[in-house]
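**Q** next one to model:
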Amino acid sequence: MLSGVDQWEMRAGDADRQRVADRLREALNEGRLTLDEYDERVQSAYAAKTYRDLDGLLSDLPVVPADRAQVVPVTSGYPTHPAQHGDRAAAPPNAVRDWLFDMWGPWAKVNLICVAIWFGTSLFADDVTFWPAFVAVPWGLVLVVMTLTGLASGEAYRWAAKRQARRERKWARNAPEE
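**A** Numbering: from 1, shown residues only. The predicted structure follows:
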């Protein structure tokens, strides 16, 4: 009880309703609900006023891991995944390295191709101006600035969280049905 009020009678927020709707969508995808049941429950979820109303919509579904949808009071407006705010502790161990490879990899590939072309053409030409520098230097300067600002702001960790979320969505779409 929180100051005389039953926790389950507390009013639910939009984030709570959305988590229940997401869990219901997962249950539909898992084959646990028919389309009609899903539609009816999602409408009830968005119309729910209390946590008890929301909990009843999930009561006959299996319990899910803690990182997935649950009916619990929301204590802040922050996303449930801390890495979305650049939290280093929640990010994969190689987040910065992978982010740097993702940023600088295309630059390196393009410049290797340009240098190879320059080398091949300079064998037969009188003018051997190193023109790949006109590609490498401006693009490299932009990348240096983006890298420094990204490292300072935690962009690598947000990038890693988004990449992980994309992988999880892709995996969920391709998972075999039961």
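
**Q** how would you label the residue in the chain sticking out farthest from the centre: helix, strand or coil?
**A** Summary for the chain: using Cα atoms, centre = their mean, the residue whose C-alpha lies farthest from the chain's mean C-alpha position is residue 126, with a distance of 52.2 Å. Assigned state for residue 126: coil (three-state reduction, DSSP: H, G, I helix; E, B strand; the rest coil).

**Q** over to the one 3 residues further on?
**A** Following three-state DSSP, the label given to residue 129 is coil.

**Q** so how far is residue 118 from it?
**A** Taking Cβ to Cβ, to the nearest Å as the measure, residue 129 and residue 118 are separated by 9 Å. (C-beta placed from N, C-alpha, C; glycine too.)

**Q** those two: which is more packed in?
**A** Of the pair residue 129 and residue 118, residue 118 is the one with more neighbours under other Cβ atoms under 10 Å, namely 18 against 10.

**Q** contact partners for the more buried one?
**A** With contacts taken as Cβ atoms under 8 Å, 6 or more residues apart in numbering, residue 118 has the following neighbours: 130, 131, 132.

**Q** next up, phi/psi of the last one, please.
**A** Its backbone dihedrals place residue 132 at phi -60, psi -20, with angles given as degrees, to the nearest 10.

**Q** what's the local residue count around it?
**A** The local packing count at residue 132 equals 18, with neighbours defined by other Cβ under 10 Å.

**Q** please name the nearest non-neighbouring residue to it.
**A** residue 114 (3.8 Å; Cβ to Cβ, 6 or more residues apart in numbering).

**Q** can you count the residues close to that neighbour?
**A** Counted by other Cβ under 10 Å, the residues lying close to residue 114 total 17.

**Q** and the helix or strand it falls within, what's buried?
**A** Per DSSP states H and E, residue 114 falls inside helix 95-122. By neighbour count with 16 or more other Cβ atoms under 10 Å, helix 95-122 contains the buried residues 95, 96, 98, 99, 100, 103, 111, 114, 115, 118.

**Q** residue 48 against residue 55, yeah?
**A** No - at 9.2 Å, residue 48 and residue 55 do not qualify as touching, with contact defined as Cβ atoms under 8 Å.

**Q** alpha carbons of stretch 129-147, as PDB, please.
**A** Included here for stretch 129-147 are C-alpha records, laid out as PDB according to Å, rounded to 0.1, in the frame of the first residue of the first chain:
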ATOM      1  CA  THR A 129      48.900  14.600 -58.800                       C
ATOM      2  CA  PHE A 130      47.700  12.600 -55.800                       C
ATOM      3  CA  TRP A 131      44.000  13.400 -56.400                       C
ATOM      4  CA  PRO A 132      42.600  10.900 -53.800                       C
ATOM      5  CA  ALA A 133      43.600  13.500 -51.200                       C
ATOM      6  CA  PHE A 134      40.700  15.600 -52.500                       C
ATOM      7  CA  VAL A 135      38.400  12.800 -51.400                       C
ATOM      8  CA  ALA A 136      40.100  11.700 -48.300                       C
ATOM      9  CA  VAL A 137      40.900  15.000 -46.500                       C
ATOM     10  CA  PRO A 138      37.500  16.800 -46.500                       C
ATOM     11  CA  TRP A 139      35.600  13.600 -45.700                       C
ATOM     12  CA  GLY A 140      38.200  12.700 -43.100                       C
ATOM     13  CA  LEU A 141      37.900  16.100 -41.400                       C
ATOM     14  CA  VAL A 142      34.100  15.700 -41.200                       C
ATOM     15  CA  LEU A 143      34.600  12.300 -39.700                       C
ATOM     16  CA  VAL A 144      37.100  13.500 -37.100                       C
ATOM     17  CA  VAL A 145      34.600  16.100 -35.900                       C
ATOM     18  CA  MET A 146      31.800  13.600 -35.900                       C
ATOM     19  CA  THR A 147      33.900  11.100 -34.000                       C
END
